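**Q** Give me a model of this one.
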Amino acid sequence: MGWMWSSQSTPSKVPNSSTNSETTKQPESESDYSDPEIAKFFAQIQAEFGGNSKPSEKAQPTSTPESEKNTTTSNPSSSSSSSSSWSLWGSKPSDTPPTSPSPLPGTKPPIQQTWTPQRLDPVTESLLPTSMSCRQAFDAAFHCNSLGGQWTSVYRAGTVRSCSEHWDDFWFCMRTRAYSSPQKEEAIRDHYRKKEYAKYFAPGRVSSTDVWEPRSEKVEPGTAFREPLDMPDVSDEEWRRREIERRRRVQKFLKSRES
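**A** Numbering: from 1, shown residues only. All right, here's what the predicted structure looks like:
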């Protein structure tokens with residue numbers, strides 16, 4: 001009787017464990033792998049961190065036919081992207097960068113997406129500030145988010161504007177408060193250098209250099225405004241009297257031409 005009990009207990013436990021595992025894995029396959037992006041994510045994690053993908057492969061036939069099509073179409077892309085480590089979080093140098101959505105009219109593109117050179121032209125470099133007021137940065141960001149700030153933006157630009165740039169300035173100022181003096185000055189110069197490049201030097205930006213030719217170097221002290229200025233040799237009362245007489249002669253001449 002004990003032999004019969006042991007023989008009956010073994011087949012009864014095996015189906016229960018298999019059915020329990022199938023029932024527990026079936027909701028995961030239906031919930032996690034119904035979306036091709038989620039299927040790609042889990043396949044990438046299993047490939048990079050040594051996870052076992054066999055249970056997921058067995059659980060895929062239990063899902064709906066539509067989810068099977070999505071997972072089969074996403075498997076080639078996941079296998080090709082698993083060749084490089086952490087390729088899910090950062091694109092490879094050979095990959096094409098993702099196209100960013102076009103900004104709304106009246107809004108500025110984010111500065112973080114623009115490449116900035118190490119140095120700009122000498123004139124711009126000499127004008128970059130080395131100090132920053134966190135109070136002024138907060139006031140500018142708070143005013144931009146207020147009703148009056150957006151009303152001014154609609155009046156000037158015809159649409160509302162994004163205030164993320166002002167808040168970025170404020171939080172940057174808060175982060176650099178504990179820096180040493182040379183490090184803080186260099187960080188502030190680099191911050192404003194990025195803003196100047198994104199505003200005037202980025203490709204496609206309209207700048208005054210399209211009309212006026214900029215200087216390639218700074219003007220040396222003592223080389224400009226060297227022409228002598230003649231000082232007046234008459235008093236202020238005499239100068240006013242001569243100016244009144246000159247204006248009267250001009251008015252008389254204009255009246256004679258009209259007649």
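
**Q** use CA for all of it now, contacts and neighbours both
**A** Fine.

**Q** in this structure, which spans are helices?
**A** Secondary structure of the chain (DSSP state H): helices located at 2-32, 36-48, 54-59, 65-81, 122-127, 134-145, 147-157, 164-175, 181-196, 236-258.

**Q** now the second one: mean pLDDT?
**A** In this case it means helix 36-48. Average pLDDT, helix 36-48: 75.

**Q** residues of it that come out buried?
**A** Neighbour counts over helix 36-48 (16 or more other CA atoms under 10 Å) mark 36, 39-45, 47 as buried.

**Q** how about TSV for those, with distance to Phe172 added?
**A** Shown next, in TSV, are the buried residues of helix 36-48 (distance: CA to CA, whole Å):
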residue	distance to Phe172
Pro36	38
Ala39	38
Lys40	36
Phe41	33
Phe42	36
Ala43	38
Gln44	35
Ile45	34
Ala47	38
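
**Q** in the stretch 1-150 of the chain, which segments are predicted with low confidence?
**A** Scanning the stretch 1-150 of the chain for pLDDT under 70 picks out 1-34, 48-118.

**Q** same thing but 90
**A** Along the stretch 1-150 of the chain, the parts satisfying pLDDT under 90 run over 1-127.

**Q** measure Asp35 to Trp239 for me?
**A** 87 Å (CA to CA, to the nearest Å).

**Q** Name the residue in the two with the higher neighbour count.
**A** Taking neighbours as other CA atoms under 10 Å, Asp35 and Trp239 compare with Asp35 leading, 16 against 12.

**Q** From Ala47, how far out is the more buried one?
**A** Counting by CA to CA - Asp35 and Ala47 are separated by 18 Å.

**Q** likewise Cys144?
**A** Cys144 sits 47 Å away from Ala47, going by CA to CA.

**Q** tally of neighbours for the residue nearest to Thr176 when sequence neighbours are not counted?
**A** In space, Thr176 comes closest to Lys184 once its chain neighbours are excluded; the distance is 6.1 Å by CA to CA, 6 or more residues apart in numbering. The local packing of Lys184 (other CA under 10 Å) involves 19 other residues.

**Q** And for Val160?
**A** Residue neighbour count, defined by other CA under 10 Å, stands at 20 for Val160.

**Q** per-domain residue ranges of this protein.
**A** Following automatic domain parsing, one finds the domains of the chain at 2-81, 111-203.

**Q** Any stretches of the stretch 151-259 of the chain with poor pLDDT?
**A** 156-157, 161, 194-234, 257-259.

**Q** try 50
**A** Applying pLDDT under 50 to the stretch 151-259 of the chain picks out no residues at all.

**Q** which residue sits closest to Glu186, ignoring its sequence neighbours?
**A** Nearest to Glu186 is Thr130, by CA to CA, 6+ apart, at 7.1 Å.

**Q** Was I right to think that neighbour contacts Pro182?
**A** No: applying CA atoms under 8 Å, one finds Thr130 not in contact with Pro182, separated by 9.4 Å.

**Q** who has more neighbours, those two?
**A** Thr130 (16 against 9).

**Q** Phe138 versus that one, what's the distance?
**A** 18 Å.

**Q** can you pull the contacts of Trp190?
**A** Small correction: residue 190 is Asp, not Trp. Asp190 makes contact with no residue, according to CA atoms under 8 Å, 6 or more residues apart in numbering.

**Q** So it versus Arg175, what's the distance?
**A** Distance from Asp190 to Arg175, by CA to CA: 14 Å.

**Q** so who does the residue nearest to Thr176 touch?
**A** 130, 176-177.

**Q** Please repeat the previous calculation with a cut-off of 10 Å.
**A** 130-132, 173, 175-178, 190 (CA atoms under 10 Å, 6 or more residues apart in numbering).
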